[in-house]
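**Student:** have a look at this prediction, sequence included:
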Amino acid sequence: MAETSRAPETDGSRGQGKATSGRRRGRRRGVEIRPGSVKEARQQAGLSLGQIAREDISRTAIYFVETGKAKPSIETLQLIADRTGHPLDFFLVGEDGGHLLPAVKLAELERLMAVNDNAGAAAAAEAALNQKPDPETEARISLIASMANLRLARPVVGRRLAVAARSYFERVGNLYMTAESLGNEAQAAGLMQDPAAAQIAEGALATCRSIKPLPHLLEARLLRVLGHALVASNRWQEAIDCYEEAIAGADAVQDLQQLSLVYSGLSLAHQEMGQLNEATRYAQKALTIHETLQDRLSQARSLNNLGFMLVRIGEFAAARKHIDRALHIFDDEGVETGKAEFLMSLAELEVAQNDLDSGSRIAAQALELATRIGETSTSAEAHTLLGRVAARTGFDADADREFEAALAAAESAGPGPRLTQVHEAYAEILEARGDLVKANRHLKNALAASRPAASAQPQSRIAIA
């Protein structure tokens with residue numbers, strides 16, 4: 001039987017090293033490289049698989065080299081080095097194997113993240129950090145661990161790890177990894193309802209854009225993170241612009257999970273601008289991807305977002321189904337961060353259906369949880385709803401106390417959209433009560449709090465990241 005012909009190199013490259021005679025050359029021995037180094041170099045250069053391969057090598061071959069399924073020839077490795085701007089030494093394992101153990105650990109962490117085993121990645125990273133690796137490896141592990149914890153809705157831990165990683169990468173002048181770390185910091189700040197989220201995200205994007213050549217994949221991710229922060233600050237059109245730029249950036253949004261989060265953000269921004277058809281379309285796209293990827297926490301957030309939108313248009317039965325599913329997922333996963341937002345969606349649904357007792361009870365649960373874990377924006381919203389209910393039932397003194405508490409919670413994070421909303425809601429209550437002088441004072445305060453220079457406070461309780 002005739003032997004099936006093979007490409008002359010183990011990595012499947014084409015157009016290089018072809019035999020000049022009629023005899024076929026045997027399979028050549030590949031070069032031992034540091035695991036994860038090719039993918040790292042490609043991402044730092046902002047290149048896709050196709051941009052590395054061009055007409056010389058197949059994209060599949062580059063993928064196999066990246067994932068350790070094939071070893072590159074020295075010619076292929078040199079081509080990769082040239083196109084990513086890295087020296088050959090960056091990819092090679094030293095004779096003593098000194099680079100190998102840290103690289104294997106990093107590759108394993110990346111594998112766990114790729115299969116969405118975030119809990120496994122977080123635990124493995126913690127164990128690796130306890131072994132006191134060298135500073136470079138420690139920073140890289142911290143960055144991966146940061147993202148794992150963010151996906152598990154552990155923003156405090158995620159932020160601490162991101163700050164540790166950034167401190168190292170800033171010190172050694174690695175702009176790419178600094179921007180990555182800042183992106184994680186911004187994402188954590190958003191989950192913590194920290195008004196600094198947008199500013200951190202803007203800094204991350206500026207750092208990324210200072211790199212030449214521009215790493216488009218990282219830029220797309222940071223545009224998404226900034227978009228989320230802008231949604232939380234009520235800067236709807238700016239958020240939409242960020243999301244659309246992320247999608248338009250060539251084929252930058254290749255990661256389905258990242259794309260689903262962009263769709264979630266677009267849904268929220270269009271919803272708040274009253275463009276409900278667009279909002280529904282993007283919400284359904286996001287939910288479909290979350291379900292496909294079995295990303296349960298993101299799925300729950302999308303369910304809550306869609307449920308809250310259905311409350312606004314009066315589709316109460318469907319809204320309850322979505323919000324209940326969201327709460328069930330968070331309860332199953334034991335997640336508290338952001339759960340108070342889901343409870344507030346349910347409270348708004350009860351009030352919209354005139355079940356004020358149930359709405360007040362659920363809002364009180366949300367208030368207790370939000371206060372305990374420091375979600376001041378949601379605390380302000382819960383006090384506001386309780387104040388609205390008290391006013392509707394004729395308990396004016398209780399309403400005043402709730403609105404004063406809402407204002408205190410909103411003011412603790414500084415001027416911004418949430419503070420504006422509380423002043424506006426209180427002004428409406430006071431006007432209905434006939435206290436026009438006090439109502440006008442709160443309207444003036446609402447206007448002052450809404451000025452652009454002061455509007456960095458995240459207010460939206462609708463979660464994305």
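**Tutor:** Everything's here; your move. Just so it is clear, the structure is predicted and the values come from calculations on it, not from any experiment.
**Student:** mind listing the helices for the stretch 101-250 of the chain?
**Tutor:** Secondary structure of the stretch 101-250 of the chain (DSSP state H, counting those that start in this stretch): helices located at 118-130, 135-151, 155-172, 175-191, 197-209, 216-232, 236-248.
**Student:** as a markdown table, these with distance to A364, mean pLDDT and mean neighbour count would be great.
**Tutor:** Quick note: C-beta positions are derived from backbone N, CA and C, even for glycine. As requested, the helices of the stretch 101-250 of the chain are arranged in a markdown table below (distance: least, Cβ to Cβ, whole Å; pLDDT from 0 to 100; neighbours: other Cβ atoms under 10 Å):
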| stretch | distance to A364 | mean pLDDT | mean neighbour count |
| --- | --- | --- | --- |
| helix 118-130 | 32 | 90 | 18 |
| helix 135-151 | 29 | 94 | 23 |
| helix 155-172 | 24 | 96 | 20 |
| helix 175-191 | 23 | 95 | 26 |
| helix 197-209 | 27 | 96 | 22 |
| helix 216-232 | 24 | 89 | 28 |
| helix 236-248 | 30 | 86 | 19 |
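**Student:** L343 is nearest to which of these?
**Tutor:** helix 175-191 (16.4 Å; Cβ to Cβ).
**Student:** what about the closest one, distance to the chain center?
**Tutor:** Helix 175-191 sits 10 Å away from the centroid of its parent chain (Cα atoms, centre = their mean, to the nearest Å).
**Student:** relative to Q257, which of the helices of the stretch 101-250 of the chain is closest?
**Tutor:** Short answer: helix 135-151, nearest of those by Cβ to Cβ, at 8.9 Å.
**Student:** run the angle between that closest one and helix 155-172 for me.
**Tutor:** 150 degrees (axes from the mean of the first three to the mean of the last three Cα atoms, to 10 degrees).
**Student:** packing partners for helix 135-151?
**Tutor:** Applying 3 or more Cβ pairs under 8 Å, 6 or more residues apart in numbering; DSSP states H and E, one finds that helix 135-151 contacts helix 100-114, helix 118-130, helix 155-172, helix 175-191.
**Student:** could I get the helices of the stretch 101-250 of the chain as a markdown table with distance to A406?
**Tutor:** Formatted as a markdown table, the helices of the stretch 101-250 of the chain follow (distance: least, Cβ to Cβ, whole Å):
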| stretch | distance to A406 |
| --- | --- |
| helix 118-130 | 35 |
| helix 135-151 | 29 |
| helix 155-172 | 23 |
| helix 175-191 | 21 |
| helix 197-209 | 21 |
| helix 216-232 | 18 |
| helix 236-248 | 23 |
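**Student:** and F403, which of those is closest to it?
**Tutor:** Nearest of the helices of the stretch 101-250 of the chain (Cβ to Cβ): helix 216-232, 22.3 Å.
**Student:** tell me what that closest one is packed against?
**Tutor:** Partner elements for helix 216-232 (3+ Cβ pairs under 8 Å, 6+ apart): helix 175-191, helix 197-209, helix 236-248, helix 256-272.
**Student:** what distance separates the start and the end of stretch 106-123?
**Tutor:** 13 Å (Cα to Cα, to the nearest Å).
**Student:** I would like the residues contacting it, please.
**Tutor:** 35-36, 39, 68, 124-125, 128, 137, 140-141, 144-145, 147-149, 151-152, 154, 293-295 (Cβ atoms under 8 Å, 6 or more residues apart in numbering).
**Student:** S377 is nearest to which of the helices of the stretch 101-250 of the chain?
**Tutor:** helix 216-232 (8.1 Å).
**Student:** pull the CA atoms of that closest one into CSV?
**Tutor:** The C-alpha atoms that make up helix 216-232 are tabulated as CSV, following Å, rounded to 0.1, in the frame of the first residue of the first chain:
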residue,chain,number,x,y,z
HIS,A,216,-6.8,44.8,18.6
LEU,A,217,-8.1,41.9,20.7
LEU,A,218,-7.2,43.6,23.9
GLU,A,219,-8.6,46.9,22.6
ALA,A,220,-11.9,45.2,21.9
ARG,A,221,-12.1,43.7,25.4
LEU,A,222,-11.2,47.1,27.1
LEU,A,223,-13.8,48.8,25.0
ARG,A,224,-16.4,46.4,26.4
VAL,A,225,-15.2,47.0,29.9
LEU,A,226,-15.4,50.7,29.4
GLY,A,227,-18.9,50.3,27.8
HIS,A,228,-20.1,48.6,31.0
ALA,A,229,-18.8,51.4,33.2
LEU,A,230,-20.5,54.0,31.0
VAL,A,231,-23.8,52.1,31.2
ALA,A,232,-23.5,52.2,34.9
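**Student:** that one to helix 175-191, inter-axis angle?
**Tutor:** Counting by the same axes, to 10 degrees, helix 216-232 lies at 20 degrees to helix 175-191.
**Student:** what is the orientation angle of helix 216-232 with helix 236-248?
**Tutor:** Using the same axes, to 10 degrees: helix 216-232 against helix 236-248 is 160 degrees.
**Student:** for helix 216-232, the distance to its chain's centre please.
**Tutor:** 8 Å.
**Student:** before we move on, what about stretch 399-418?
**Tutor:** 27 Å.
**Student:** list the buried residues in it.
**Tutor:** 399-400, 402-403, 405-407, 409-411, 413, 415-418 (16 or more other Cβ atoms under 10 Å).
**Student:** among the residues you listed, which lie within helices?
**Tutor:** Using DSSP state H, the subset of the buried residues of stretch 399-418 located in helices is 399-400, 402-403, 405-407, 409-411, 417-418.
**Student:** nearest to S360 among those?
**Tutor:** Closest approach to S360 among those (Cβ to Cβ): E402, at 10.0 Å.
**Student:** ok so, going back, got JSON lines for the ones in helices among the buried residues of stretch 399-418, with distance to V231 and pLDDT too?
**Tutor:** Formatted as JSON lines, those follow (distance: Cβ to Cβ, whole Å; pLDDT from 0 to 100):
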{"residue": "A399", "distance to V231": "29", "pLDDT": "95"}
{"residue": "D400", "distance to V231": "31", "pLDDT": "96"}
{"residue": "E402", "distance to V231": "26", "pLDDT": "96"}
{"residue": "F403", "distance to V231": "25", "pLDDT": "96"}
{"residue": "A405", "distance to V231": "26", "pLDDT": "96"}
{"residue": "A406", "distance to V231": "21", "pLDDT": "95"}
{"residue": "L407", "distance to V231": "23", "pLDDT": "94"}
{"residue": "A409", "distance to V231": "20", "pLDDT": "92"}
{"residue": "A410", "distance to V231": "18", "pLDDT": "89"}
{"residue": "E411", "distance to V231": "22", "pLDDT": "89"}
{"residue": "P417", "distance to V231": "10", "pLDDT": "77"}
{"residue": "R418", "distance to V231": "13", "pLDDT": "81"}
